[in-house]
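S.K.: Just the structure for this:
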Amino acid sequence: MSPFSANDFLELYLQKGQLTQQEAFTWFDLLETVEMEQMWGRWRGSELPSGHPMDGLLHLTGWYGKEFLDAETVHPLLFEKRNGRLFRVNPGLLPLTLPFQLVPRRIVRPLFRLVLPLIRTGSGKARLRMIAYRGKISASMVYDQKAIIDHFRQIDEDTLLGVMDFKNQQELGFFFILRRVTE
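M.R.: The predicted structure is shown next:
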């Protein structure tokens with residue numbers, strides 16, 4: 001058990017602007033689980049830098065967040081256009097296991113805008129399930145076309161900490177925060 005509380009890690013993140021992988025996993029492990037019913041709706045996402053090779057990439061591409069309609073209909077990648085309109089992207093068409101640390105950041109945004117018309121989708125590309133991860137059963141998003149599961153824990157009732165769990169890369173997680181959108 002960590003001598004720190006979940007709030008201590010939130011304060012640490014707010015002070016430093018990032019966490020180490022170990023700090024992020026420790027914070028994640030301290031948080032309460034999430035029931036599937038708590039997930040319904042649209043969530044605004046932000047990356048939690050933690051030393052993962054994907055750190056910074058979603059921000060560069062205009063990632064907005066995720067949308068959970070029901071257990072079988074989840075939109076895992078919502079993006080925002082310059083005009084504020086949202087659109088859905090098919091993660092099955094994205095190379096999410098590239099060596100991202102080798103990708104020059106300056107080409108990410110123009111390249112993404114180029115392929116955008118080819119990767120949009122109207123249908124859900126993930127499902128929501130209760131899955132055991134790191135000793136707790138919590139709501140988790142299973143990608144339909146990728147060997148990736150996003151696991152969620154509750155910071156508060158409208159804020160979640162998520163971690164992308166890539167097959168064969170369990171020791172390294174891509175962390176993000178989701179905030180419920182209330183319209």
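S.K.: State the next helix or strand along the chain beyond the helix or strand hosting Leu160.
M.R.: Leu160 is part of strand 159-166 when elements are defined by DSSP states H and E. With elements assigned by DSSP H and E, the helix or strand that comes after strand 159-166 is strand 174-180.
S.K.: helices or strands next to that following strand in the packing?
M.R.: Identification of packing neighbours for strand 174-180 by 3 or more C-beta pairs under 8 Å, 6 or more residues apart in numbering; DSSP states H and E yields strand 41-47, strand 159-166. No exception for glycine: its C-beta is placed from N, CA and C like everyone else's.
S.K.: make it 10 Å
M.R.: helix 6-16, helix 21-30, strand 41-47, helix 57-61, strand 63-70, strand 148-156, strand 159-166 (3 or more C-beta pairs under 10 Å, 6 or more residues apart in numbering; DSSP states H and E).
S.K.: Any figure for the gap between Glu32 and Ala71?
M.R.: 20 Å (C-beta to C-beta, to the nearest Å).
S.K.: now do Leu31
M.R.: 22 Å.
S.K.: follow-up on the earlier one: I'd like the helices and strands packed on strand 174-180 written out as TSV, with mean neighbour count and mean pLDDT added.
M.R.: Shown next, in TSV, are the helices and strands packed on strand 174-180 (neighbours: other C-beta atoms under 10 Å; pLDDT from 0 to 100):
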stretch	mean neighbour count	mean pLDDT
helix 6-16	14	72
helix 21-30	18	93
strand 41-47	17	96
helix 57-61	17	82
strand 63-70	20	96
strand 148-156	20	95
strand 159-166	21	95
